[in-house]
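Enquirer: I would like to see how this sequence folds:
(chains A and B)
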Amino acid sequence: MTNSKYFIKQLSIFSENKSGKLAAIAKIFQENQVNIHAFSIAEANSFGVVRAIVDKPDVAFAAFSKENYALQYTDVLGVKMADVPGGLFEAASTLGNIGINIEYAYAFRTGEFGTLIVKVSNPEEAVDKILAAGLELVPATDYNF
Amino acid sequence: MAYYNEKIETLPKAELEKLQYQELKVLVDRLYAKSPFYHDKMKAAGVLPSDIKSISDITKLPFMRKTDLRDNYPDKLVCCPKEDLVRYHVSSGTTGKPTVVAYTKNDLDTWSEAVARSLASCGIGRGDVLQVAYGYGLFTGGLGLHYGGEKLGATVIPASTGNSERQIELIQDLETTAIACTPSYFVHLIDVAKKIGVDISKDTKLRTAVLGAEPWSESMRRYIYDQSGVTAHNIFGTSEISGPMFTDCQELNGMHISGDIAYTEIIDPETGESLPAGEKGELTMTILTKEAIPMIRYRIGDITSIFPDECPCGRTSPRIDRLQGRVDDMLVIRGINVFPSAVEHALLRLPELTSHFMLEVTRNGPLDDMLVKVELKPDAMTDSINGLIGLQFRVERTLRDALNVSAKVELCPPNSLPRFEGKAKRVIDTRVF
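Expert: Residues are numbered from 1 along each chain as shown, chains lettered A, B, ... in the order given. Here you go, the predicted model:
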């Protein structure tokens, strides 16, 4: 599937909601020379899920598995946004108009443009719809090497 | 279906109860007359032998406990002329002063009869070669199985414990068909056999194992079968009631307790009240015909339940479930008895969790709060927060259904909870009453 070239491999790591846990996770990235492009923490009552987009997801996955972390790959999409006021509105309203339901999202800026990382239920179908609506997607190779 | 003593093993329930009553009556009359210890105990409880008018009146009689044996060390509970004793067994005393159990010739016969019936119910009989790999000596396992096997007419190999390669050599050379030992030792034997190139399922005639003296699980039974083709039967007993006595039959649905030999009750360990069939509580036994050291309503301290349904094997004796822990481990949470083993059992139903857990009990004003920390399996990880919270709710519901009391559940990362080499200490109780 050519659409899969837009599937960015995001790592989702289970973590306790305790002080020092983020540092412990960051240390594993550091020790394995894995560079983090984007990062977020979703918090529930006693635990959290750390989500990260990194340059070497396979290296990171192996390193965290070795340390007995529970983690998972999740395919997410990166929607390009113009780095101007209204950039998010344009992307979000287009996604809304074409009926894409976003499970969660976070955004960051790289160079000339902003990227809206979205988790959708059916990425295969979403890629077709998003491109047909005239939005641009960032290829996975821009992040995962 | 092979019985050792078909008439008595399939006696209709009403007749069995009549027989039990007759036996109990004789026992109580004798104890009241001959045992100063039990005479005083009955007096203190305000009960006379004449108050026992049916088997259900047994609940009027006082309990006996291990401390009674310890306090009367070594032989103050012996209730027959000393020259009538034909054997002593003595417990190791690892949890206190050792306890002495004495036997008359009839006591040994009853014990062997119980074991012979049990072995027959496992499908063992004449022509079978039974390797007894329990310890012989002061421990009751070896000699108990030995005499039961001989009484049954099987060929017994008194192999005792240890020397695993020699055990496998015996299994092969003497064409052993059944083995009796602890479950952990049998698993060890499977490993040793593999190491020396012996496939138990193909290279030996071993097909039945009678395993006990330590707790083991249903999944262990499956593991043993998968690894060796051997069907494992659970055996129950404790030195105070004679030794190992009762096993699963070939239906593998609980251990049959021969009703003419032992009367079984399940009681609430807190109140001492009898519990209905199916409910978990403390196993309490009366050996109805014991001569040397009679045990009436002996509180064994193990937690189990009586199966209320009839066994398809045709035996009318009640069955008990595999032991689920010790009364000593019991917690009372908001007035409800909670056993860590029941928590473990409930958690095993959830494939997303490892088998490790911790139980923390705290006091919040007048109420107890229980927190159960569970471990997520690495491959059960999901990116969905809702999925993980949903799992947490499912664990809470499973525990509430199993324990009848609510617990908060904390989902923890894999390998984050303590591991134990010896006996697990999974409960942290910080309540101050």
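Enquirer: any idea where the strands of the stretch 301-433 of chain B begin and end?
Expert: Taking DSSP state E, counting those that start in this stretch as the test, the strands found in the stretch 301-433 of chain B are B:306-307, B:319-320, B:331-333, B:336-338, B:353-364, B:367-376, B:408-412, B:427-429.
Enquirer: Is it possible to get TSV of these that adds mean neighbour count?
Expert: Backbone N, C-alpha and C define where each C-beta goes, glycine included. Putting these into TSV (neighbours: other Cβ atoms under 10 Å in any protein chain shown) gives the following:
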stretch	mean neighbour count
strand B:306-307	19
strand B:319-320	22
strand B:331-333	18
strand B:336-338	19
strand B:353-364	17
strand B:367-376	19
strand B:408-412	21
strand B:427-429	14
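Enquirer: give the contact list for residue B:263.
Expert: Going by Cβ atoms under 8 Å, 6 or more residues apart in numbering or on different chains, residue B:263 touches B:20, B:24, B:55, B:58, B:285-286, B:288.
Enquirer: Report pLDDT for the closest residue to it other than its chain neighbours.
Expert: In space, and not counting its chain neighbours, residue B:263 is closest to residue B:286: 4.3 Å by Cβ to Cβ, 6 or more residues apart in numbering or on different chains. Model confidence at residue B:286, given as pLDDT, is 97.
Enquirer: Next, the buried residues of the helix or strand containing residue B:286.
Expert: In this assignment (DSSP states H and E), residue B:286 forms part of strand B:281-287. Using 16 or more other Cβ atoms under 10 Å in any protein chain shown as the test for burial, strand B:281-287 gives B:281-287.
Enquirer: With stretch A:64-78 instead?
Expert: Neighbour counts over stretch A:64-78 (16+ other Cβ under 10 Å) mark A:64, A:67, A:69-72, A:74-78 as buried.
Enquirer: Just flag the most distant two among those.
Expert: The most widely separated members of the buried residues of stretch A:64-78, counting by Cβ to Cβ, are A:67 and A:77 (28.8 Å).
Enquirer: could you list every residue that touches the closest residue to chain A within the stretch 151-300 of chain B?
Expert: Nearest residue of the stretch 151-300 of chain B to chain A, counting by Cβ to the nearest Cβ: residue B:219, 22.8 Å away. Residues counted as contacts of residue B:219 (Cβ under 8 Å, 6+ apart) are residue B:348.
Enquirer: Kindly provide the distance from residue B:370 to residue B:400.
Expert: Counting by Cβ to Cβ, to the nearest Å, the gap from residue B:370 to residue B:400 is 11 Å.
Enquirer: Common neighbours of those two, please.
Expert: Contact criterion Cβ under 8 Å, 6+ apart; residues shared by residue B:370 and residue B:400: B:406-407.
Enquirer: Can you measure across stretch A:38-49, start residue to end residue?
Expert: End-to-end distance for stretch A:38-49: 14 Å, by Cα to Cα, to the nearest Å.
Enquirer: Same question for that stretch: list its buried residues.
Expert: The neighbour-count check on stretch A:38-49 (16+ other Cβ under 10 Å) flags A:38-40, A:42, A:46-49 as buried.
Enquirer: From these, which land in strands?
Expert: A:38-40, A:42, A:47-49 (DSSP state E).
Enquirer: low-confidence ranges in the stretch 51-200 of chain B?
Expert: Low-confidence regions of the stretch 51-200 of chain B, defined by pLDDT under 70, span residues B:92-96.
Enquirer: And the helices in chain A?
Expert: Counting by DSSP state H, chain A has helices at residues A:21-31, A:57-66, A:87-97, A:123-132.
Enquirer: List the buried residues for the helix or strand containing residue B:145?
Expert: If you go by DSSP H and E, residue B:145 is part of helix B:140-152. The neighbour-count check on helix B:140-152 (16+ other Cβ under 10 Å) flags B:140-152 as buried.
Enquirer: And the residue at the greatest distance from the centre of chain A, what's its pLDDT?
Expert: In chain A, residue A:19 marks the outermost C-alpha relative to the chain mean, sitting 23.9 Å out by Cα atoms, centre = their mean. For residue A:19, the model assigns a pLDDT of 89.
Enquirer: what does residue B:217 give?
Expert: 82.
Enquirer: give me the number of residues near the spatially closest residue to it that is not a sequence neighbour?
Expert: In space, and not counting its chain neighbours, residue B:217 is closest to residue B:322: 7.5 Å by Cβ to Cβ, 6+ apart. Per other Cβ atoms under 10 Å in any protein chain shown, the neighbour tally for residue B:322 reads 17.
Enquirer: Tell me how far residue B:322 lies from chain A.
Expert: Separation of residue B:322 from chain A (Cβ to the nearest Cβ, to the nearest Å): 32 Å.
Enquirer: cool, and residue B:34?
Expert: Residue B:34 is 62 Å from chain A, by Cβ to the nearest Cβ.
Enquirer: For that residue, which non-adjacent residue is spatially closest?
Expert: Counting by Cβ to Cβ, 6+ apart, residue B:34 lies nearest to residue B:79, which is 5.4 Å off, once chain neighbours are set aside.
Enquirer: For the ones in strands among the buried residues of stretch A:38-49, which two are the farthest from each other?
Expert: A:38 and A:47 (21.0 Å).
Enquirer: The closest residue to residue A:73 other than its chain neighbours pairs with what?
Expert: Spatial nearest neighbour of residue A:73, chain neighbours left out: residue A:9 (5.2 Å); criterion: Cβ to Cβ, 6+ apart. Judged by DSSP bridges, the bridge partners of residue A:9 are residue A:75.
Enquirer: and residue B:267, what pLDDT?
Expert: As predicted, residue B:267 sits at a pLDDT of 96.
Enquirer: what sits against it?
Expert: Applying Cβ under 8 Å, 6+ apart, we find residue B:267 in contact with B:273-275, B:281-282, B:284, B:299.
Enquirer: Up against chain A, what does chain B have?
Expert: B:376-385, B:388-389, B:392, B:410-416 (Cβ under 8 Å from any Cβ of the partner chain).
Enquirer: Swap in 10 Å and give it another go.
Expert: B:352, B:371, B:373, B:375-389, B:392, B:408-416 (Cβ under 10 Å from any Cβ of the partner chain).
Enquirer: sec struct for the residue nearest to residue B:34, please.
Expert: coil (DSSP: H, G, I helix; E, B strand; the rest coil).
Enquirer: Would you mind measuring from it to residue B:39?
Expert: As judged by Cβ to Cβ, residue B:79 and residue B:39 stand 11 Å apart.
Enquirer: quick revisit: wait, doesn't the residue nearest to residue B:263 sit right on residue B:23?
Expert: Yes. At 9.2 Å, residue B:286 counts as touching residue B:23 under the criterion of Cβ atoms under 10 Å.
Enquirer: what do these two both touch?
Expert: By the contact definition Cβ atoms under 10 Å, 6 or more residues apart in numbering or on different chains, residue B:286 and residue B:23 are jointly contacted by B:55, B:261, B:263.
Enquirer: how close does residue B:137 sit to chain A?
Expert: The spacing between residue B:137 and chain A, counted by Cβ to the nearest Cβ, is 44 Å.
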